Each structure stands twice: as structure tokens, then as C-alpha cells.
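Chemist: Next input, structure requested:
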Amino acid sequence: RVLGRITSNVWVSEGDDRFDVGLAVKHGAKSLCVPGYSSPMPDGAGWRYSAAMIDVLREYKAKFPWVWSGVERDDRGGDRGNGGGGGERGGGHGSLRAQQLLPGVPSAAA
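Modeler: This next block holds a predicted model:
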């Protein structure tokens, strides 16, 4: 699930601001993808990622490990009381809060 969310949209909110820290190479609800990076499986049961996309994912995780950690915590339900997630699916995933991704960092909105 984390990979699916990272490769789509991961919305983060801070006060009145909302921004996307996901890679946005696919959108399942609209059946959209970025050629050369992702494509839907022929049976519709998921997504395929190219070697180039795997390289991008490795680099993204190395540079921004806090995004991965926040999405993993959210998917486990650890932050449900603080705003939900950020995936492309409905049903409980809205926008992560900046505090969920960067715990211990003072909020600019506070």
C-alpha cells in the first residue's frame, strides 16, 4: 500500500496550505499513468513499474525518508485521529498533517 500511495498523491496539510509530496506517476481512479514509469496490469489488479521508476523510488526514499515513514505510520492506522492519509482512494484517506511527517518539528500554523 505504501508504494501505491507514494507513486500517486500524498497530500500534506499545514495550516491552510495543502501540497502533494507523492510522485504522481499514476492515478487509478482515472486510469492515468506516466508512460515509461508506470502502467496498469492487464488484469487490472495493480500497477507495473519500470526500472527507471524503481531508480526514482530508491532516490526519493533516500532523500525523503520521512515521507515514507509518515505514510507507513498512517497506513498502519497510527495517525488516524490526526487527519487521515493521502492516497488516491476514498474512504479514510484525506490529507496527512505536516506534524505526522515531521514529528517533533514545531508547526508553522501553531
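Chemist: Packing partners of the host helix or strand of R48?
Modeler: R48 belongs to strand 47-49 when elements are defined using DSSP states H and E. Packing contacts for strand 47-49, counted by 3 or more CB pairs under 8 Å, 6 or more residues apart in numbering; DSSP states H and E, involve strand 38-40. Using the backbone N, CA and C atoms, a C-beta is placed for each residue, glycine as well.
Chemist: Walking through the protein, point out its helices one by one.
Modeler: Ranges of helices in the chain, per DSSP state H, are 2-6, 51-63, 65-75, 98-101.
Chemist: Show me how far the second one is from its chain's centre.
Modeler: Centroid separation between helix 51-63 and its chain, computed with CA atoms, centre = their mean, to the nearest Å, is 14 Å.
Chemist: And the strand holding R48, what's buried?
Modeler: 47, 49 (16 or more other CB atoms under 10 Å).
Chemist: roughly how far is that strand from the heart of the chain?
Modeler: Strand 47-49 sits 16 Å away from the centroid of its parent chain (CA atoms, centre = their mean).
Chemist: looking at the helices of the chain, which is closest to S31?
Modeler: Taking CB to CB, helix 2-6 is the member of the helices of the chain nearest to S31, at 14.5 Å.
Chemist: For that closest one, give the mean pLDDT please.
Modeler: In this model, helix 2-6 has a mean pLDDT of 90.
Chemist: and what of stretch 74-92?
Modeler: 49.
Chemist: swap in stretch 28-46?
Modeler: For stretch 28-46, the mean confidence score works out to 89.
Chemist: shift numbering so it begins at 16
Modeler: Happy to do that; since the first residue is 16 now, the last one works out to stretch 43-61.
Chemist: now the end-to-end length of that stretch.
Modeler: With CA to CA, to the nearest Å as the measure, the ends of stretch 43-61 fall 9 Å from one another.
Chemist: contacts for it?
Modeler: 19, 22-23, 39-42, 62-65, 67-68, 71, 103-104 (CB atoms under 8 Å, 6 or more residues apart in numbering).
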